[in-house]
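Enquirer: can you look at this prediction? I've put the sequence above it.
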Amino acid sequence: MREEERELVVREFLGNLGHERPEFRWGAAEALGRLGDMRAVEPLIRVLKDDPDPRVRKKAAWSLGQIGDLRAQRPLLVALGDRDDDVQEIAEEALEVLKRKLILQSVR
């Protein structure tokens, strides 16, 4: 994917994080995690904290683990206390992924 195309795709998904339909929001959250773009970290943290749909929060947690940015550590720790068990589970898994990525980065 060319840089211009990637830029458009990332912007589109970032915009969809605020869509009225939850399936658009969770699809965007997952796509941003797969793309691994660091610009998505702060918006995904907001979604993890504030989205009313647990499926969206779950995808945001997963994506934050995939991206592997240290800024996600505290919000993921907070998500361990989410009211939804699935969000808690994915946040725990994301923290493990994040920890492994950070360890690998420190070794290099």
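Expert: Here it is on my side, so go on. Numbering: from 1, shown residues only.
Enquirer: C-alpha coordinates for the helix ranked longest in the chain, CSV please?
Expert: Scanning the chain for the longest helix, with DSSP state H as the assignment, gives helix 85-107. What follows is helix 85-107, C-alpha atoms only, in CSV (Å, rounded to 0.1, in the frame of the first residue of the first chain):
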residue,chain,number,x,y,z
ASP,A,85,-15.7,-9.9,31.6
ASP,A,86,-14.6,-10.2,28.0
VAL,A,87,-13.1,-6.8,28.0
GLN,A,88,-11.2,-7.7,31.1
GLU,A,89,-9.9,-10.9,29.5
ILE,A,90,-8.8,-9.2,26.3
ALA,A,91,-7.1,-6.3,28.3
GLU,A,92,-5.2,-8.9,30.2
GLU,A,93,-4.1,-10.6,27.0
ALA,A,94,-3.2,-7.3,25.5
LEU,A,95,-1.0,-6.4,28.5
GLU,A,96,0.9,-9.7,28.0
VAL,A,97,1.4,-8.9,24.3
LEU,A,98,2.5,-5.4,25.1
LYS,A,99,4.9,-6.7,27.8
ARG,A,100,6.5,-9.2,25.3
LYS,A,101,6.8,-6.4,22.6
LEU,A,102,8.5,-4.0,25.1
ILE,A,103,10.9,-6.7,26.3
LEU,A,104,11.9,-7.5,22.7
GLN,A,105,12.4,-3.8,22.0
SER,A,106,14.7,-3.4,25.0
VAL,A,107,16.8,-6.4,23.9
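Enquirer: contact partners of it?
Expert: Around helix 85-107, the neighbours that count as contacts under Cβ atoms under 8 Å, 6 or more residues apart in numbering are 48, 54, 57-58, 61-62, 64-66, 68, 70, 72-73, 76-77, 79-82. In short, each C-beta sits where N, CA and C put it, glycine included.
Enquirer: now do the buried residues in it.
Expert: Within helix 85-107, the residues that qualify as buried are 87, 88, 90, 91, 94, 95, 97, 98, 101, counting by 16 or more other Cβ atoms under 10 Å.
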